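> Mind folding the following:
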Amino acid sequence: MTPQTIFVGILGVTLLNGFISPMVPLVFIMAPVWLPEFVPPTRIVLLYGTSLIVSVTTLMLSAVPAGIFERLTGREETDQTSMFIWLGAAILLTLPGLL
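Just a heads-up that it's a prediction; the model follows:
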């Protein structure tokens, strides 16, 4: 399994978290803060924007343990082990929404 195929799995998990995360209602309520003025505040725009924000946040936060692992082991390139750590962290961040 290549790191690219594992990354596709990471993206799938983070997109799933964007729909089922317990943080979605909080981000939805905070829409006046993150929604630009030129975007019409319709319900569908808010739902898609909220899902996108939660998904990207999950993607970035789940990369931190993999980055720390790479730094501590002195790896020059990302390999399967780092990608599996990234995937595991993304799954752990998605678990509250699944429960």
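> outside of the helix or strand hosting residue 18, which residues touch it?
Per DSSP states H and E: residue 18 is located in helix 3-20. Here helix 3-20 makes contact (CB atoms under 8 Å, 6 or more residues apart in numbering) with 24, 50-56, 58-59, 62, 78-80, 82-84, 86-87, 90-91, 93-94, 97-98. In this view, the C-beta of every residue, glycine as well, is placed from N, C-alpha and C.
> Which strands and helices lie in contact with the next helix-or-strand element following it?
Per DSSP H and E, helix 3-20 leads on to helix 24-29 as the next helix or strand towards the C-terminus. Counting contacts by 3 or more CB pairs under 8 Å, 6 or more residues apart in numbering; DSSP states H and E, helix 24-29 is packed against helix 43-73.
> mind checking how far stretch 47-61 is from the chain centre?
Offset of stretch 47-61 from its chain centre (CA atoms, centre = their mean, to the nearest Å): 6 Å.
> repeat for stretch 43-55
Stretch 43-55 has its average C-alpha position 13 Å from the chain's average C-alpha position, going by CA atoms, centre = their mean.
> now stretch 79-91
How far stretch 79-91 lies from its chain's middle: 13 Å, per CA atoms, centre = their mean.
> again with stretch 25-40
The chain centroid and the centroid of stretch 25-40 are separated by 19 Å under CA atoms, centre = their mean.
> Check the separation of the first and last residues in it.
Taking CA to CA, to the nearest Å, stretch 25-40 runs 19 Å from one end to the other.
> Next, the angle helix 43-73 makes with the helix holding residue 18.
Taking axes from the mean of the first three to the mean of the last three CA atoms, to 10 degrees, one finds that helix 3-20 is oriented at 140 degrees with respect to helix 43-73.
> Could you look up the SS state of the residue with the largest distance to the centre of the chain?
For the chain, the largest distance from the centre (CA atoms, centre = their mean) belongs to residue 38, which lies 26.0 Å off. Following DSSP: H, G, I helix; E, B strand; the rest coil, residue 38 is assigned to coil.
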